[in-house]
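Engineer: the following comprises the amino acid sequence and a computationally predicted model.
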Amino acid sequence: MALIRAVRGMKDILPPESERWQWVETTAREVFRLYGYRELRLPLLERTELFARSIGTDTDIVAKEMYTFIDRHGDSVTLRPEATAQVVRAFLENRLEKGAGVKKYFLMGPMFRYERPQKGRYRQFYQINCEALGSDAPELDAEVILMLWEILGRLKLSNLRLLVNSLGCPECQEDFKAKLKLFLFSREGWCPDCLRRREVNPLRVLDCKSQTCRELLKTAPVLKDSLCEACSRHYSRVLTLLEQFGIDFEEQPRLVRGLDYYTRTAFEVTAAALGAQDAVAGGGRYNGLIRELGGPDLPGFGFAIGEDRLLEVLPEAEGRSADQSVFLAALGRSALERCLTLVQELRGAGLAAEMDFDGRSLKAQMSLADRLGARWVAILGDRELAAGEIVVRDMKSGSQESIRIMELKSALKNLAAAEEGN
RNA sequence: GUGGGCGUAGCUCAGCUGGUUAGAGCACCGGGUUGUGGCCCCGGAGGCCGCGGGUUCAAGUCCCGUCGCUCACCCCA
């Protein structure tokens, strides 16, 4: 019978890889805590109109990549393709704007987009999201980017590039789009995709990968020149702060974002090792979004880390759990009985402890302990039982000694603590 | 949605121009004597060669189709 396979574009995350995921998430949580960000846990399913209204009907995400279906009640619902829209929805629905100061949230979990899978792109993929609502200060932009940088740094990621740009406010964008369109239609030789883009979404021509388009774009108008006074000041303040924070960044005047709601600061973190899908994180400011979704006119800033991609560039050695576990090897029936309670005592003391119930030979149990990655093995046979002792073996060094059974718990705790100190 | 590459053991892969019972390394199970893992030695189990059809005396090998994986385009985290 043919086995049932996972749905296309969706993958299982298994040990030991899952431990690396935990480590990434734990690290991010810790940094979020330091900066005052608190966790939001939101549904995977939202009403379809939420994404249509926020992301933009003409974007690819909404036009052809959403998992949308009609539920049993006849409502159109969609598996979230990104997080910002639903964070804003929850923010408004729960009246969180009444809170004090800048509202800072993070969220992690799966997102869904119906795309053709490839390296670094899955139909169910994971994001670590961060959103700060309620301030338009350039200091906030810079601080959030700094926080992202802190997370990436703690994860020992290197060879990353931070690309920054400003998309301006809707007025600047209007002005720029007009100039750009004029330019695009005054030149010949665009690739077929760009011929389409210059009609539908001219900004996207700017990051076309085709060689000929790039050549043509060299004389294209630059967003920066179309920024209004206020947007321009905001942008340069952000850049100054990033410099002060000692963050290496590159201005990327052609960086645009695929979602309609972005304004002013936009940024992306890329990793060359990833191949075509090289953005590990991306984000920016979205000053009109909250009002667009029916709320007050509040500004917002946020980013998303592509967790799957991040894991691909995470150094191999990082995030592996250290082996600190104990294996109890019992010889004979009565020893096994004694071990059953001992193993629980160890766990009660916070030590990871396991044993075998099948009455295998000591050799087999030692071998098992080794393969399970036990750091220490405690051996209990008739001889030890009679003497009230137990043998503790260090699996790394191979040395072992006999101690009182009563002292097992404290002895192992000391060993584990000593290990931790190194 | 479009294009390229690839489907042989749990994993990574050999298998020459079609020719007998399809191989290796790693992993797994057992053994190398009495109560001690890793290393070494010996043995074992494990494959409708993705699936369907065709050509042929003969197909893992050639042809067609199909499904899947993968990389790239598109788009994005």
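Structural biologist: Thanks, I have it.
Engineer: okay, CA-based contacts and neighbour counts for the rest of this
Structural biologist: Fine.
Engineer: where in the stretch 1-150 of chain A is pLDDT low?
Structural biologist: Within the stretch 1-150 of chain A, the segments meeting pLDDT under 70 span A:1-2.
Engineer: so which residues on it come close to RNA strand B?
Structural biologist: Where the stretch 1-150 of chain A comes near RNA strand B, counting by C-alpha under 7 Å from any atom of the strand, the residues are A:7-9, A:59-61, A:113, A:115-123, A:125-127.
Engineer: for ChimeraX, write a command that selects the buried ones of the residues you listed.
Structural biologist: Per 16 or more other C-alpha atoms under 10 Å, the buried members of those correspond to this ChimeraX selection:
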select /A:9,59,61,113,115,120,121,122,123,125,126,127
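Engineer: now the strands for the stretch 101-250 of chain A?
Structural biologist: A:103-112, A:124-133, A:160-166, A:250-251 (DSSP state E, counting those that start in this stretch).
Engineer: closest one to residue A:70 among these?
Structural biologist: Each of these was scored for nearness to residue A:70 using C-alpha to C-alpha, and the closest is strand A:103-112 (16.4 Å).
Engineer: tell me the angle that closest one makes with strand A:124-133.
Structural biologist: Between strand A:103-112 and strand A:124-133, the angle formed by their directions is 160 degrees, by axes from the mean of the first three to the mean of the last three C-alpha atoms, to 10 degrees.
Engineer: direction included, what does strand A:103-112 pair up with?
Structural biologist: Strand pairing for strand A:103-112, using DSSP bridges, gives strand A:38-39 (parallel), strand A:124-133 (antiparallel).
Engineer: what's the span of stretch A:54-69 from first residue to last?
Structural biologist: One end of stretch A:54-69 to the other measures 19 Å (C-alpha to C-alpha, to the nearest Å).
Engineer: and it, what's buried?
Structural biologist: For stretch A:54-69, the neighbour count (16+ other C-alpha under 10 Å) marks A:54-57, A:59, A:61-62, A:65-68 as buried.
Engineer: contacting residues around that stretch?
Structural biologist: The set of residues that contact stretch A:54-69 without belonging to it, under C-alpha atoms under 8 Å, 6 or more residues apart in numbering, is A:48, A:51-52, A:76-81, A:85, A:112-115, A:200, A:258-261, A:289, A:292-293.
Engineer: for RNA strand B, what's the nearest residue on chain A?
Structural biologist: Sorted by distance to RNA strand B under C-alpha to the nearest atom of the strand, the residues of chain A start with residue A:258, at 2.4 Å.
Engineer: near that residue, how many other residues are there?
Structural biologist: By other C-alpha atoms under 10 Å, the residues close to residue A:258 number 14.
Engineer: repeat for residue A:234
Structural biologist: As a burial measure, residue A:234 scores 20 neighbours (other C-alpha under 10 Å).
Engineer: before we move on, what about residue A:3?
Structural biologist: Residue A:3: 5 neighbours (other C-alpha under 10 Å).
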